[in-house]
Each structure stands twice: as structure tokens, then as C-alpha cells.
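Participant: When you get a sec, could you give me coordinates for this:
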Amino acid sequence: MAHHGITLFDIPSTTPQPWAPNIWKIRFILNYKRLPYRTTWVEFADVENTLRSIGAPPSSVRADGRPVYSLPVIVDPRGAQGQPVVLSRADVIAEYLESTYPARAIFPEGSRALQSLFVHHVHEVLAKPLLPILVPLSHQRLPERSQAHYPAGGAPPLGGAEREQAWRAAKDQFAFLAALMDKNIGDPTCDGIVAMGRSVTYADFALCSVLIWIEQVSPRDGWARVRSWNDGRWDRLRAKCREYMDVY
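Facilitator: Next comes the predicted model:
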């Protein structure tokens, strides 16, 4: 794919594919909408300086008033009045890409509120029990310089009993979501896999981003478990999203 387009910033890793779920949400959208883009790899140690240098807005502000710079960030050179658009935060970027490039919609008409709630649930509830398992494993997959810059992620991985307890909590959350999504089954327009019935949408990309995270940092333990849960529905969802998983 020739590059005449958007730059997506991501973190280098030793995993076969990138793992950061918030960044995957945006990569999915770019691939789904067939927008030309390329990935620029930035080590953790360089994120703040890099983002400041391109004029990216901070993703949040600390209690002491200091700005926080984090990924994902995109630069779209085709902005209004010929000025590049630089955006941070996955939700802001998703809204921008949908409104600027409406072809192949990720928010079917009238679905933004419910999809936003679904994505919030995936991020804030479903993924919570996974954090103590996956954050240390993710840290181990960073280049050495990034590991040194990001010591908070270097907590020791959970031990046997604690890990099993965390996986049980995660399994309960996935089962809850599966029960909700199963309410679509029986509707002749639904395939029983995706959140909105038949076509993939932002909700599926948010959920699949978590699946990729598990698969990349815990392939033999985590993904081996999750892909078998709920009669293999998460493996089927990942397969449904596979064609939008290229990394440019």
C-alpha cells in the first residue's frame, strides 16, 4: 500500500504483531475503511517528546495539572485548509475517521450511543481482571529501553492461585458479554458473532483488540483459554476481523 496518507503511532514490541489494544482499535478502522496509512514506531521513552514535537494534544491531565501524552495518535495530512490534523485518544480518533471518511461506516446509523457504551464496558469492565495478568507480560515484550522507562509495568506476573483467580474473573466477564450478544441469535439478519448483528462495527474492533492483546502477550496460556470459552465464539470473532489485521 503506497503511503499518501495517515500516520499511526504505535509502540515497538517483540511480539509477532503489535499488542496495544487502544492502538489496535484505530488500526482496525484504518484497515476497514481502506485508508492508506503507515505505522511509526515510538519507544515509550520517546512518546512524550515525539508527541509534543508534532503538536499532539495530551490524552489527559494529571491531578497536579501536568499533561499526559499517550498513544494512539494519528496525523492526517489531508486536513482542512491544507493543515495536518493531529489527534490523540482512541474515541476522538474513531469519531474523526468516521465523520471525515464516512464510507464503510463503523457506526451504523443510530448506533453511536449504544456502541460507545459497549466499548466503554469492554475497556473498563471486561478488561479489568486481565490487567494484572497482561500488563506484566506486555512489559516483558517491550524493548529493554522501554522496559527501563516504564518500570510500573514491571510488576512480577501473578502466581498460580492469583492468576487462576484473575482468569476466572475474566471468564465471568466474557460469559456475561456472550450472554448479551446471544440475544441477537434467532434474528434472521444476525450471524451470532458480531455485536450489531451481521457487519463488523467499532464495538467488534474494540473487543477484538483485547483478544489480540491476549493472543500476542499470552499465546499459550491466555489465548488458549479464551479461544475455547463460550463455545469458541471469541475465536470466531477474531476470524471475522482477521482481514482487517494487516500492519502497514
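Participant: Compute the number of surrounding residues for Ala105.
Facilitator: By the criterion of other CB atoms under 10 Å, Ala105 has 15 neighbours. C-beta: built from backbone N, CA, C; applies to glycine.
Participant: in stretch 216-230, what counts as buried?
Facilitator: Under the neighbour-count criterion of 16 or more other CB atoms under 10 Å, stretch 216-230 has 216-218, 222-223, 225-227, 230 buried.
Participant: chain center to that stretch: distance?
Facilitator: 17 Å (CA atoms, centre = their mean, to the nearest Å).
Participant: end-to-end on that stretch?
Facilitator: Looking at stretch 216-230, the gap from its leading to its trailing residue is 20 Å under the measure CA to CA, to the nearest Å.
Participant: what's the helix or strand of the chain with the lowest mean pLDDT packed up against?
Facilitator: Averaged element by element with mean pLDDT, DSSP states H and E, the chain has its least confident helix or strand at helix 144-149 (a mean of 85). Using 3 or more CB pairs under 8 Å, 6 or more residues apart in numbering; DSSP states H and E as the contact criterion, the elements in contact with helix 144-149 are helix 44-53.
Participant: roughly how far out does the helix it packs on sit from the chain middle?
Facilitator: Between the mean C-alpha point of helix 44-53 and the mean C-alpha point of its chain there is a distance of 20 Å (CA atoms, centre = their mean).
Participant: What helices and strands are in contact with it?
Facilitator: So helix 44-53, by 3+ CB pairs under 8 Å, 6+ apart, packs with strand 6-10, helix 144-149.
Participant: check contacts around Ile29.
Facilitator: Contacts for Ile29 (CB atoms under 8 Å, 6 or more residues apart in numbering) come out as 93-94, 97-98, 106, 202, 205.
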